[in-house]
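**Student:** What follows is a predicted protein model with its sequence.
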Amino acid sequence: MVSLTSLVLGIPFTWLWFWIAIAFAVIEALTLGIVSIWFAIGALVAMLFAFVIDSFIVQLLIFLGVSLVLVATTRKVAVEKLKIGQVKTNVDELIGKEAVVVKEIRPYTTGEVKLDGKVWRAMSESKQVYKVDEIVTVLRIEGVTIIIK
């Protein structure tokens, strides 16, 4: 049976893996990068194996193996599901909507359009001139400028 007195730096293996898992969980909570959590899980698995395997090298390999497999197989799905790093805006909803020209738009110069009650700087994708009160369609938004057709 395994000796729980096996030590690394004076700490039993099981406690060492427990504290490593806590450290990775805290790092994950502070950064929200969805990387450290997999290493926390790997440390917990290594902690469980520390009860039955006395070799720190084997435990370390289990920790690394579990952690890297989890990162490689589940991180992308987790990031997509949790939408980490994505700023939600309503700008995408404006694409395809119609706007009214309130300041003439000439080729290579900006004018203005009114869209949903707000005035936006606008620029034409074509070389066409758009007169005041014409109806235009939003193609895309680049910064604070609406590109119209």
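**Tutor:** Yep, that arrived.
**Student:** Buried ones in the longest helix along the chain, by neighbour count?
**Tutor:** The residue-count maximum for a helix in the chain (DSSP state H) belongs to helix 56-82. The neighbour-count criterion (16 or more other Cβ atoms under 10 Å) identifies 56, 59, 62-63, 66-67, 70-71, 75 as the buried residues of helix 56-82. Every residue, glycine included, has its C-beta placed from N, CA and C.
**Student:** Please enumerate the strands of this structure.
**Tutor:** Secondary structure of the chain (DSSP state E): strands at 7-8, 11-12, 98-103, 111-115, 118-124, 135-142, 145-148.
**Student:** Dump those strands into a markdown table; add mean pLDDT as well.
**Tutor:** Shown next, in a markdown table, are the strands of the chain (pLDDT from 0 to 100):
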| stretch | mean pLDDT |
| --- | --- |
| strand 7-8 | 64 |
| strand 11-12 | 83 |
| strand 98-103 | 94 |
| strand 111-115 | 93 |
| strand 118-124 | 92 |
| strand 135-142 | 91 |
| strand 145-148 | 89 |
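**Student:** CSV for these, including distance to residue 27?
**Tutor:** Output for the strands of the chain, formatted as CSV (distance: least, Cβ to Cβ, whole Å):
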stretch, distance to residue 27
strand 7-8, 20
strand 11-12, 19
strand 98-103, 46
strand 111-115, 44
strand 118-124, 42
strand 135-142, 36
strand 145-148, 40
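**Student:** Export those as TSV, with columns for distance to residue 29 and mean neighbour count.
**Tutor:** Formatted as TSV, the strands of the chain follow (distance: least, Cβ to Cβ, whole Å; neighbours: other Cβ atoms under 10 Å):
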stretch	distance to residue 29	mean neighbour count
strand 7-8	25	13
strand 11-12	23	14
strand 98-103	44	16
strand 111-115	40	19
strand 118-124	38	17
strand 135-142	35	15
strand 145-148	39	20
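**Student:** so which of the ones you listed comes closest to residue 91?
**Tutor:** strand 135-142 (5.3 Å; Cβ to Cβ).
**Student:** Partner strands of the closest one and their direction?
**Tutor:** strand 98-103 (antiparallel), strand 145-148 (antiparallel) (DSSP bridges).
**Student:** Make TSV out of the buried residues of helix 56-82 and add pLDDT and distance to residue 48.
**Tutor:** Below are those laid out as TSV (pLDDT from 0 to 100; distance: Cβ to Cβ, whole Å):
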residue	pLDDT	distance to residue 48
56	90	15
59	94	10
62	96	9
63	96	11
66	95	10
67	94	14
70	92	15
71	90	19
75	81	22
